[in-house]
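> Provide a 3D model corresponding to the input given below.
(chains A and B)
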2 protein chains.
Amino acid sequence: MPEPPYYAVIFSSQRTPGEAGYGDMAERMVELASGQPGFLGVESARDGGGFGITVSYWRDLEAIAAWRRHAEHRVAQERGRSSWYAHYELRVAQVERAHGGPAG
Amino acid sequence: MPEPPYYAVIFSSQRTPGEAGYGDMAERMVELASGQPGFLGVESARDGGGFGITVSYWRDLEAIAAWRRHAEHRVAQERGRSSWYAHYELRVAQVERAHGGPAG
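Numbers count the residues shown, from 1 in each chain, chains lettered A, B, ... in the order given. Reported below is the predicted structural model:
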């Protein structure tokens, strides 16, 4: 990851019950996003109750807009709204500061 | 949640094995943060492998700075670094756009 500023897309969602091809799609979207111009990284966690947060990181708003319009991603977005998610929120945010590292 | 702009603190972490009082602390921190000036909301997910993402939302940078300095929160931060987390990343980002809602 570069130093800030860069962008984060925060996607939080509640899954509907049942698999319905979700795992394969999620894996494919990470693979596909990773190859897009301006992609910086992605991290994701989903709990046992089906609530999940995925944060993807991008160089700029143009990279995010291009990814949103990607044909295969659009199909996944549509299936997400129609079957995989009971509820979702998507936020676009500019990362201003970052720090971290090994703890302990 | 208000309309953007507002701020997000994206905290991703890998837990060390063992409980060591973590659950009680996490619950207490949510309770405590919720009472702080400028707090807007929080969402959190941790997967079965101990990787988690917590995103808290705040009115402005001043609210974030005050929460970072909160005495009880500082104790939790210290225990986080010394025992609960194997690795963590913390990012402060300004939310520029948000949308979502029920899917399906």
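
> hang on, A:S56 packs against A:A8?
Yes: using CB atoms under 8 Å, A:S56 is in contact with A:A8, at 7.3 Å. The C-beta positions use only the backbone N, C-alpha and C, and glycine is treated the same way.

> Neighbours of A:I10, how many?
A:I10 has 22 neighbouring residues, counting by other CB atoms under 10 Å in any protein chain shown.

> Show the average pLDDT along the longest strand seen in chain A.
Criterion DSSP state E: the longest strand present in chain A is strand A:85-102. Across strand A:85-102, pLDDT averages out at 95.

> hang on, the earlier thing: comparing A:S56 and A:A8, which shows the higher neighbour count?
Just comparing A:S56 and A:A8: by other CB under 10 Å the higher neighbour count belongs to A:A8, 27 against 23.

> so what's that one up against?
A:V55, A:S56, A:Y57, A:W58, A:V92, A:A93, A:Q94, A:V95, B:A8, B:I10, B:R91, B:A93 (CB atoms under 8 Å, 6 or more residues apart in numbering or on different chains).

> what do you get if the cut-off is 10 Å, keeping everything else the same?
Contact analysis of A:A8 by CB atoms under 10 Å, 6 or more residues apart in numbering or on different chains lists A:40-41, A:43, A:55-58, A:64, A:91-95, A:98, B:8, B:10, B:55, B:91, B:93-95.

> The nearest residue to A:F11 once chain neighbours are set aside - how many residues pack around it?
Spatial nearest neighbour of A:F11, chain neighbours left out: A:T54 (4.7 Å); criterion: CB to CB, 6 or more residues apart in numbering or on different chains. A:T54 has 21 neighbours, counted by other CB under 10 Å.

> Need the three-state assignment for A:T54.
strand (DSSP: H, G, I helix; E, B strand; the rest coil).

> all helices for chain A, in order.
Using DSSP state H, the helices of chain A run over residues A:22-34, A:61-69, A:71-79.

> Okay, buried residues for the longest one please.
By that I understand helix A:22-34. Of all the residues in helix A:22-34, those buried under the rule 16 or more other CB atoms under 10 Å in any protein chain shown are A:Y22, A:M25, A:A26, A:M29, A:A33.

> does any bit of that helix sit next to chain B?
No: between helix A:22-34 and chain B, judged by CB under 10 Å from any CB of the partner chain, nothing touches; the nearest distance is 12.5 Å.
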